[in-house]
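Peer 1: Based on what follows, work out the 3D shape:
(one chain, ligands or ions: 1)
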Amino acid sequence: MEMRASEDIDISTDITPPLIPLSFSLLNSLTLPSPDLSTSLGLLLHHRPSLTGRIAGLLSNRHNLTSQNDQLSHRIRLDAQALAAQIANHCGYTEPNDCVLEEAMVALCAVLTNAVEVQDNEGQNLGVAVFGPTFSWINHSCSPNACYRFTFSSSHSSESKLRIAPFIRNSQQAQVDDGVWCVGSEFAKEGEQSNGPRLIVRSIKRIKKGEEVTVAYTDLLQPKAIRQSELWSKYRFNCCCKRCSALPFTYVDHALQEISVSSHDLSSSYLNSIFVRDMVDTRLNEDIDDAISEYLSVGDPGTCCKKLEKVLMQGLNDQLEGFEGKLNSRFMLHPLHHLSLNAYTTLASAYKVCACNSLSVHSEVDRNQLEAFDLSRTSAAYSLLLAGSTHHLFKSESSLIVSVANFWVGAGESLLSLTRSSGWSDFAKVGEVASNPFSVKKSKCSKCSLTDRFRTCILNGQIRSADFENVSNQFLSCVSDITQKVWSFLVNGCHFLKSCKDPIDFSWLMSTKNSSTVGVRVHVNKTDISYSHESETCARNREEQAYYADHARANIFQLGLHCLLYGGLLAIICYGHNSHLACHVQTILDHEESFV
Ligand SMILES: C[S@@+](CC[C@H](N)C(=O)[O-])C[C@H]1O[C@@H](n2cnc3c(N)ncnc32)[C@H](O)[C@@H]1O
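Peer 2: Down below sits the predicted model:
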């Protein structure tokens, strides 16, 4: 089964009304050991599996999930026994019979195949839910044209209408029970009291009438091999979408897994050996994963930053046992490799925590202000690098919009908060620049229409494809200009960041594409830096320092504002104007205004 557009749909359109779940389990109120089991029980209490192996119209995929003698099928069997025992108990039997066990198996497989994690506004995992066919018949694509969000409000816009319909191939007709697809039964009714999660599907691309509507079942910022492996281990299917079938790989998939080699005695063709590539991938993955997991469990952000930056700067330099003896090479992550992106995300957050810790630990006021300022500056630079690098990928793969929206908002927040740092006083006379001197209203950019676009969109909730393209081009042009003015200031003191020539325009990567010694350091070109922090710190007097700092601060404010507004616009496209992220952007803008 699949879902298709029943009309032409523009980008940024809700394509279903709010849908109510068939079954939902909150993480903190489980009667059974796992949310999957509780959700399966909820499903079974109201629906019986049909002879075709579906339950409430949902595919159980029972055969594919349980036919192999592997860990997944073993786990499903054990869980199904626990579920069957619970049902038997509920019905007053002492032992579950084969029929109950089979029903438990079908319900559990249907939950594994169709359930989604429900997240609150902050992205925290609340539990697990299964929805009816309107949502559950939507297939996966690694380049999807739709996304979904949750809402917890019981009122919804009267405009939201169903714009998709099931498409059933002849061979599947027999699988669907009469009455399963019943328009209206899954939709939240006006004034309904229940306050559980509702799910809304929204277009992130233009979709033509009759085109299949797809969503992502996995993280799209992962390379093909990882996406395929996750889809196989969870759902047991091989994705054959356009992105996965592209040969050679799409630019995005190539970049997400690119590793370069530098060596005196080996050519980069060695990386083409799957054996060497897998070995290098595994080792680099372990290094990044270890640093991040240690940070998440032990909570030492400083050590994590050092470890991650070491991997980003030095790559893998060990002797590796290869099939032709020992390989004495250096393997570097490409700046757009998916592990680099993970590292930037963690570094942005870890430096921010370091900055907060620094303010709370030191007793010498001036020293801690300066240290916290430097750490916040580095955190903001990593946020900008993350947003810029994923945006670069987004230009080739527009379904990355959902991640990119969050990253631009994060970069905007981080840059704006940097402009409020008391550390600026180090550049001028203490106390003079303690509050934020910039106004959102007065800082309206003369070159782009972002502020107006955001305000219009936050009111009416939609942007047309053509408008969006224009706004994106204007935004990129402004942000590239401003970034050139402040990047050297933002990255001062951080070796890895200094080695990234431009966090927005990645054309510098292309020029070195065929080099076998692609180390990020080769891209450093100090002559391109329009003005550098070094020149500020060497400035002869405090007036000069203050002058440079004022300019840097004003530019960082402009940069932050652009990132935030653009992130807000993307948030409206992906989640709607009433969404948490769009409202969050509005709140930051109001907050900034209140500083003046
Ligand atoms: C949530 S259901 C989607 C609807 C399903 N096609 C149906 O007939 O009910 C998920 C299951 O659909 C199938 N599926 C989804 N996307 C797919 C894709 N891109 N390629 C192959 N199978 C897919 C897999 O069997 C997966 O476990």
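
Peer 1: C-alpha from now on. contacts and neighbour counts both.
Peer 2: Fine.

Peer 1: and the closest residue in space to residue 196 that isn't next to it in sequence, how many residues sit next to it?
Peer 2: Setting aside the residues directly before and after it, residue 196 is nearest to residue 152 in space (C-alpha to C-alpha, 6 or more residues apart in numbering), at 6.3 Å. Counted with other C-alpha atoms under 10 Å, residues neighbouring residue 152 total 14.

Peer 1: I'd say residue 152 and residue 200 touch.
Peer 2: No. In this structure, residue 152 is not within contact of residue 200 by C-alpha atoms under 8 Å, at 10.9 Å.

Peer 1: residues from this protein in reach of the ligand?
Peer 2: Residues of the chain found near the ligand (C-alpha under 6 Å from any ligand atom) are 1-2, 58-59, 113-114, 136-141, 235, 237, 239.

Peer 1: Most neighbours of all those, which one?
Peer 2: residue 58 (26 neighbours).

Peer 1: and that one, what are its bridge partners?
Peer 2: residue 55 (DSSP bridges).

Peer 1: Assess the claim that it and residue 130 are in contact.
Peer 2: No. The pair residue 58 / residue 130 is not scored as a contact, 9.3 Å apart, by C-alpha under 8 Å.

Peer 1: Now the common contact residues for those two.
Peer 2: Taking C-alpha atoms under 8 Å, 6 or more residues apart in numbering as the contact rule, residue 58 and residue 130 both touch 114, 136.

Peer 1: Which members of the residues of the chain next to the ligand are positioned in strands?
Peer 2: 2, 139-140 (DSSP state E).

Peer 1: As JSON lines, the residues you listed with pLDDT would be great.
Peer 2: As requested, those are arranged in JSON lines below (pLDDT from 0 to 100):
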{"residue": "2", "pLDDT": "96"}
{"residue": "139", "pLDDT": "98"}
{"residue": "140", "pLDDT": "98"}
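
Peer 1: can you count the residues close to residue 148?
Peer 2: When counting by other C-alpha under 10 Å, one arrives at 18 neighbours for residue 148.

Peer 1: Can you classify it by secondary structure?
Peer 2: With DSSP: H, G, I helix; E, B strand; the rest coil as the basis, residue 148 sits in strand.

Peer 1: The lengthiest helix in the chain packs against which elements?
Peer 2: For the chain, the helix with the greatest residue count under DSSP state H is helix 542-575. Contacts defined by 3 or more C-alpha pairs under 8 Å, 6 or more residues apart in numbering; DSSP states H and E place helix 542-575 against strand 146-151, strand 198-203, helix 401-419, helix 450-460, helix 465-491, helix 533-537, helix 580-595.

Peer 1: mean pLDDT for those: which is lowest?
Peer 2: Of all these, mean pLDDT reaches its minimum on helix 533-537 (a mean of 44).

Peer 1: which residues touch residue 503?
Peer 2: So residue 503 contacts 384-385, 388-389, 483 (C-alpha under 8 Å, 6+ apart).

Peer 1: Same question for residue 100.
Peer 2: 84, 87-88.

Peer 1: still on that earlier bit, among the residues of the chain next to the ligand, which pair sits farthest apart?
Peer 2: Using C-alpha to C-alpha, the two most remote members of the residues of the chain next to the ligand are 58 and 239, lying 19.6 Å apart.

Peer 1: Spell out for me which residue occupies the centre of this protein.
Peer 2: The centre of the chain sits closest to residue 403, judged by C-alpha atoms, centre = their mean, with a distance of 3.5 Å.

Peer 1: Enumerate every residue touching it.
Peer 2: With C-alpha under 8 Å, 6+ apart, residue 403 has these contacts: residue 390.

Peer 1: And for the protein, the residue most distant from the center?
Peer 2: Most peripheral residue of the chain (C-alpha atoms, centre = their mean): residue 94, 47.4 Å.

Peer 1: Do I have it right that that residue meets residue 88?
Peer 2: Yes. Residue 94 is in contact with residue 88 according to C-alpha under 8 Å; the separation is 6.6 Å.

Peer 1: picking up where we left off before, pLDDT wise, what is the residue farthest from the centre of the chain at?
Peer 2: 76.

Peer 1: and if you look at the one 4 residues further on?
Peer 2: At residue 98 the predicted local confidence, pLDDT, stands at 86.

Peer 1: Relative to residue 48, how far out is the residue of the stretch 301-450 of the chain found nearest the ligand?
Peer 2: Closest to the ligand within the stretch 301-450 of the chain is residue 399: 14.9 Å, counting by C-alpha to the nearest ligand atom. Residue 399 sits 37 Å away from residue 48 when distances are taken as C-alpha to C-alpha, to the nearest Å.

Peer 1: do residue 282 as well
Peer 2: In terms of C-alpha to C-alpha, residue 282 sits 45 Å off from residue 48.

Peer 1: ok so, going back, averaged over its residues, what pLDDT does the longest helix of the chain have?
Peer 2: If you average the pLDDT over helix 542-575, you get 89.

Peer 1: where's that helix relative to the chain centroid, distance-wise?
Peer 2: Averaging C-alpha positions (C-alpha atoms, centre = their mean, to the nearest Å) puts helix 542-575 22 Å from its chain's average.

Peer 1: Quick one: work out the angle between it and helix 401-419.
Peer 2: Counting by axes from the mean of the first three to the mean of the last three C-alpha atoms, to 10 degrees, helix 542-575 lies at 150 degrees to helix 401-419.

Peer 1: ok and helix 542-575 relative to strand 146-151, angle-wise?
Peer 2: Helix 542-575 runs at 100 degrees relative to strand 146-151, counting by the same axes, to 10 degrees.

Peer 1: Residue 413 against residue 558, yeah?
Peer 2: No. Checked against C-alpha under 8 Å, the pair residue 413 and residue 558 is beyond contact range at 11.9 Å.

Peer 1: Mind checking which of the two has more residues around it?
Peer 2: Legend: neighbour count by other C-alpha under 10 Å for residue 413 and residue 558, higher for residue 558 (25 against 20).

Peer 1: Neighbours of the spatially closest residue to that one that is not a sequence neighbour, how many?
Peer 2: Among residues not flanking residue 558 along the chain, residue 443 sits closest, at 7.1 Å (C-alpha to C-alpha, 6+ apart). For residue 443, the neighbour count with other C-alpha under 10 Å is 13.

Peer 1: now residue 443, what's its secondary structure?
Peer 2: Following three-state DSSP, the label given to residue 443 is coil.

Peer 1: the more surrounded of residue 399 and residue 48?
Peer 2: Just comparing residue 399 and residue 48: by other C-alpha under 10 Å the higher neighbour count belongs to residue 399, 25 against 16.

Peer 1: what about the closest residue to the more buried one other than its chain neighbours, distance to the ligand?
Peer 2: Leaving aside its chain neighbours, residue 399 sits nearest to residue 143 (5.5 Å; criterion: C-alpha to C-alpha, 6+ apart). Going from residue 143 to the ligand by C-alpha to the nearest ligand atom, to the nearest Å gives 10 Å.

Peer 1: how about residue 85, what does it touch?
Peer 2: 95-96.

Peer 1: Helices of the stretch 51-200 of the chain, start to end?
Peer 2: In the stretch 51-200 of the chain, helices defined by DSSP state H, counting those that start in this stretch lie at 62-66, 71-91, 98-114, 133-136, listed in chain order.

Peer 1: any idea which of the ones you listed scores lowest on pLDDT?
Peer 2: helix 71-91 (a mean of 91).
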